[in-house]
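In: here are the coordinates; sequence isn't available:
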């Protein structure tokens, strides 16, 4: 089959239009797709510009499909349904003993991956496929069976299977400061590396961490700002300053001595990491095994003390 795709409208406009047409509501489409209402409106205007006709009649607090819009909605709905059915067929062919785990990148690097030999020794018949990401579940792409992310990050409509406590504490290279060598007051005077929070996330920052531990004083200007937490971790390993460490995600570096805790103080979270399962993962024996193994590993003490 040959198909150039020249007659297709912009692909990024199709799902927003299909959702808006199905609901006859830009707001409901935005909620379903985890986009802003303005983004839905922009995509539909782009589609209207491409096909050269008005697809929605904009009324006060309401949008209604035009006759042209209804015809296109039917065609796009059928096409997306066929694509979904074909994808489901392919997913069904995937090995029953293959489990895809979507996980935050730094947690994958410094916690999960070092533990995988332990899992495979216990369960040689089950394959764990690691899908590492810096995005929250609401922006996750691709298929997964289980997901592991910080409990305070957005997860859309998914409810956690279980959560594990988390400890948040400062870490740095041993060449920068020795273990337990600083007080909280002295720490506040050190070069502190800061993470720039992505939109919609609720990352704890230095000021809040100090305040929750009873130190309420203005901090010096950030030594550096980072958009990537794994890059910031590497900056700490290189001795460039102190970062806030999400303990379980830094287990391997703490146990190897590449990072140390310059103060003994820690902030305990009752829900640090959460594990989620997709609906399609329920009642799958291999997924159940992996979920139970994750629960057991997350119940273990956090390294570094």
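Out: Thanks, I have the structure now. Computed from a prediction, not measured in an experiment: that's the story for all the values here. Numbers count the residues shown, from 1 in each chain.

In: list the helices and strands the helix or strand containing residue 208 packs on?
Out: Secondary structure assignment for residue 208, by DSSP states H and E: helix 206-212. Packing partners of helix 206-212 (3 or more CB pairs under 8 Å, 6 or more residues apart in numbering; DSSP states H and E): none among the helices and strands. (Each C-beta comes from the backbone N, C-alpha and C, glycine too.)

In: in the stretch 1-150 of the chain, where is pLDDT below threshold?
Out: Low-confidence segments of the stretch 1-150 of the chain (pLDDT under 70): 1-6, 85-96, 141.

In: so which residues of it form helices?
Out: Assigned by DSSP state H, counting those that start in this stretch, the helices in the stretch 1-150 of the chain fall at 14-23, 26-33, 37-51, 67-93, 105-107, 113-122.

In: turn the ones you listed into a markdown table, including distance to residue 187.
Out: Formatted as a markdown table, those follow (distance: least, CB to CB, whole Å):
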| stretch | distance to residue 187 |
| --- | --- |
| helix 14-23 | 47 |
| helix 26-33 | 42 |
| helix 37-51 | 41 |
| helix 67-93 | 49 |
| helix 105-107 | 22 |
| helix 113-122 | 28 |
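
In: of all the ones you listed, which one comes closest to residue 268?
Out: helix 105-107 (17.9 Å; CB to CB).

In: centroid residue for the protein?
Out: Centroid-nearest residue in the chain: residue 136, 2.4 Å away (criterion: CA atoms, centre = their mean).

In: which one is that residue nearest to, not counting chain neighbours?
Out: residue 153 (4.3 Å; CB to CB, 6 or more residues apart in numbering).

In: how about residue 242?
Out: residue 172 (4.4 Å).

In: residue contacts, the one you found?
Out: Residues near residue 172 by CB atoms under 8 Å, 6 or more residues apart in numbering: 236, 239, 241, 242, 243, 259, 260, 262.

In: tell me which of the residues you listed fall in helices.
Out: Using DSSP state H, the members of these that fall in helices are residue 236.

In: so which pair among the contacts of residue 172 is furthest apart in space?
Out: Going by CB to CB, the pair spanning those furthest: 241 and 260, at 13.5 Å.

In: give me the distance between the residue in the chain sticking out farthest from the centre and residue 44.
Out: Here the chain reaches farthest from its C-alpha mean at residue 67, the gap being 39.8 Å by CA atoms, centre = their mean. Per CB to CB, to the nearest Å, residue 67 is found 16 Å from residue 44.

In: circling back to that earlier point, any idea which of the helices of the stretch 1-150 of the chain gets closest to residue 220?
Out: For residue 220, the closest of these is helix 105-107, at 25.2 Å, according to CB to CB.

In: so how far is that closest one off the chain centroid?
Out: What separates the centre of helix 105-107 from the centre of its chain is 10 Å, taken as CA atoms, centre = their mean, to the nearest Å.

In: list the helices and strands that helix packs on?
Out: Looks like helix 105-107 contacts helix 229-237 (3+ CB pairs under 8 Å, 6+ apart).

In: average pLDDT across the helix it packs on?
Out: Summarised as a single mean, pLDDT over helix 229-237 is 92.

In: buried residues, it. List them.
Out: In terms of neighbour count (16 or more other CB atoms under 10 Å), helix 229-237 has its buried residues at 229, 230, 232, 233, 235, 236, 237.

In: can I get these in CSV with distance to residue 107?
Out: What follows is those, written out as CSV (distance: CB to CB, whole Å):
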residue, distance to residue 107
229, 10
230, 10
232, 14
233, 11
235, 18
236, 16
237, 16
